[in-house]
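J.: Sequence first, predicted coordinates after that:
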Amino acid sequence: RRLRAIRTLLLRAACLLPAGVLLHDVWNIDILHFYGVYLTLAALFFVFAPTLVLMLSACVLIAGGVLLDLLPLSIPEAPFVSPLGFLVDSFIDGVHPVFPWLSFLLYGLWLGRQDFKNAAWRRRMMAMALALFGVLELSSLGLTSRLLLHPIEALSEHVGLFGTSWTPDPLYVLSACCTATFVIMLSHELLAFARTQNKAAWLRPLISTGQMALTIYVTHALVGVVIPVRLGYGRDMSIELVAAYASTFLFCIVIAATAYRFFFARGPLEWVIRMVSTLPALRVSKEQGPVLTVTEPLLKEQVRVPVTSDITTRGLALVGVVLACLVFTTRIVGGSRATAPLQVGTTLSSLSLTHTRDFHKLTLERAAHITLSTRSGLDLYLELREGDRWIAEDDDSGAGLDARIEADLSPGTYAITVRPFAATTGPYALDVRTD
């Protein structure tokens, strides 16, 4: 059974790796090739004992934090399609590299072997995940806020270890483990409740959507992002418009998945992956000679978990709710919402989950050659306008992934927007220089 399961995982990885490489050519934040790498690694680790898997998860998380802080300074640049470029992108410097995201995979392998039929254990895990999520987010907010009191040169050195931003830092991965655990446990609770009330049918649209995750991922990448951007849409969408667009897309995809699953057993890409991963295997029989057999999925062995008291569960849930409320309240109150008019020199600010861009105003009394640049260690984007007139924009012309704009400006008032190129949060410095 274990050999069949390993074979199935490796065949699925062999499907996802080339698909991800092809998709990466049109969308450089593709994650399918990462899934291929992770399935390959899962074939090695899934036979380990649960306790060992959890210990390895912690070790990888620590190693990932160290690599995040040290290796990017010495990584040689290479094209993604080259062997070196693929390895660097997949293991260290990509969107979801093996270090430290292998820790997330190993945690998932451990979690998947637990006894989900135990309702008390599910509720305990859900409460613990919510409580730890609050602690991690508050810790991240406090640590990154304190960094603003230090010289800006220290930000890129430390914010990667303490933030829960786009960068795959240790707190980010731990926070992701908490939210994933909470959602999984909540889903099981909803399903159990619906079954006791004989109302499981209303969950069918969500189940159908989840069973077509791969097809929906590729659809959202191409139809939801790549094609609109190539057609010139989505260049400068407000956060409200992005939320409306994403909500509409989600609503349509749930309806489409439900309708599709009414006629077909599996999604189109899921069907292809399953067909390839269940190709007949050659088995040698003494009586009949070589015989072709079809692989079967490996049945998971359940691990018994002791039942905890309802008082502990409710207490942890209450702590988690309070901490989660504090997290979002603090972010709303403490975010950089309005900025004072810019002066020549350095301005410190910060982007948060509730305030994803800063709008600065710069007034010039005489013509000047202006240089705008960010220093952050983040992937930031600069935009320069005068009223409705677009003057300049930049992504990575500064140091690392920071932005830089140079322009000859006449007297007047100009609007400067600082926003992340992708989803990222954290402190930054905006330098304004005149010649």
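T.: Thanks, I have the structure now. All of these numbers come straight from a predicted model, not from anything done at the bench.
J.: In the stretch 201-350 of the chain, where is pLDDT below threshold?
T.: Scanning the stretch 201-350 of the chain for pLDDT under 70 picks out the ranges 229-238, 279-342.
J.: The stretch 101-250 of the chain: helices as residue ranges?
T.: For the stretch 101-250 of the chain, applying DSSP state H, counting those that start in this stretch gives helices covering 119-147, 155-162, 170-196, 204-210, 213-219, 227-230, 239-263.
J.: In JSON lines: those helices, plus mean neighbour count.
T.: Glycine gets a C-beta too; all of them are placed from N, C-alpha and C. Written out in JSON lines, the entries for the helices of the stretch 101-250 of the chain read as follows (neighbours: other C-beta atoms under 10 Å):
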{"stretch": "helix 119-147", "mean neighbour count": "20"}
{"stretch": "helix 155-162", "mean neighbour count": "19"}
{"stretch": "helix 170-196", "mean neighbour count": "17"}
{"stretch": "helix 204-210", "mean neighbour count": "16"}
{"stretch": "helix 213-219", "mean neighbour count": "18"}
{"stretch": "helix 227-230", "mean neighbour count": "13"}
{"stretch": "helix 239-263", "mean neighbour count": "13"}
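J.: Now Arg366: phi and psi?
T.: Backbone torsions for Arg366, taken as degrees, to the nearest 10, come to phi -150, psi 160.
J.: Provide a list of residues in contact with the closest residue to it other than its chain neighbours.
T.: In this structure, Arg366 finds its nearest non-sequential neighbour in Pro411, 5.7 Å apart by C-beta to C-beta, 6 or more residues apart in numbering. For Pro411, the residues meeting the contact criterion (C-beta atoms under 8 Å, 6 or more residues apart in numbering) are Leu364, Glu365, Arg366, Ala367.
J.: From the residues you listed, pick the one nearest Leu105.
T.: The nearest member of those to Leu105, counting by C-beta to C-beta, is Leu364 at 52.3 Å.
J.: Quick one: the strands in the stretch 301-435 of the chain, in order.
T.: Ranges of strands within the stretch 301-435 of the chain are 345-351, 358-364, 368-375, 380-386, 389-394, 404-409, 412-420, 426-434, based on DSSP state E, counting those that start in this stretch.
J.: pLDDT of the fifth one, averaged?
T.: This points to strand 389-394. Per-region confidence: strand 389-394 scores 87 on mean pLDDT.
J.: go on, the last one?
T.: Over the span of strand 426-434, the pLDDT mean works out to 83.
J.: hmm, back to that, just so I know, which of the strands of the stretch 301-435 of the chain lies nearest Thr209?
T.: Judged by C-beta to C-beta, the one of those that comes nearest to Thr209 is strand 412-420, at 28.1 Å.
J.: Would you mark the buried spots in the closest one?
T.: Within strand 412-420, the residues that qualify as buried are Tyr414, Ala415, Ile416, Val418, Arg419, Pro420, counting by 16 or more other C-beta atoms under 10 Å.
J.: show me where the stretch 1-150 of the chain has strands.
T.: Applying DSSP E, counting those that start in this stretch to the stretch 1-150 of the chain gives no strands.
J.: quick one: low-confidence ranges for it?
T.: The stretch 1-150 of the chain contains residues with pLDDT under 70 at 26, 67-78, 143-150.
J.: now for the helices of the stretch 101-250 of the chain, which one comes closest to Gln343?
T.: Between the helices of the stretch 101-250 of the chain, helix 155-162 lies closest to Gln343; by C-beta to C-beta that is 20.7 Å.
J.: Look up how far Arg389 lies from the residue nearest to Asp358 when sequence neighbours are not counted.
T.: On the basis of C-beta to C-beta, 6+ apart, the spatially nearest residue to Asp358 that is not a chain neighbour turns out to be Val418, at 4.5 Å. With the distance defined as C-beta to C-beta, to the nearest Å, Val418 ends up 19 Å from Arg389.
J.: follow-up on the earlier one: do you know which of the helices of the stretch 101-250 of the chain lies nearest His33?
T.: With C-beta to C-beta as the criterion, His33 lies closest to helix 213-219 of those, at 12.6 Å.
J.: Which strands and helices lie in contact with that closest one?
T.: helix 239-263, helix 268-277 (3 or more C-beta pairs under 8 Å, 6 or more residues apart in numbering; DSSP states H and E).
J.: got the angle for the first one vs helix 268-277?
T.: Angle between the axes of helix 239-263 and helix 268-277 is 60 degrees (criterion: axes from the mean of the first three to the mean of the last three C-alpha atoms, to 10 degrees).
J.: and the angle for helix 239-263 with strand 412-420?
T.: Helix 239-263 and strand 412-420 meet at an angle of 40 degrees, taking the same axes, to 10 degrees as the criterion.
J.: outside of helix 239-263, which residues touch it?
T.: Helix 239-263 is contacted from outside by 204-206, 208-209, 211-212, 216, 219-220, 224, 234, 237, 267, 356-357, using C-beta under 8 Å, 6+ apart.
J.: Which of those sits closest to Arg195?
T.: For the contacts of helix 239-263, the residue nearest Arg195 by C-beta to C-beta is Arg204; the value is 12.6 Å.
J.: List the single closest residue to the closest one in space, sequence neighbours excluded.
T.: Thr258 (6.8 Å).
J.: picking that back up, which pair in the contacts of Pro411 spans the largest distance?
T.: When the contacts of Pro411 are compared pair by pair using C-beta to C-beta, the farthest-apart members prove to be Glu365 and Ala367, with a separation of 9.4 Å.
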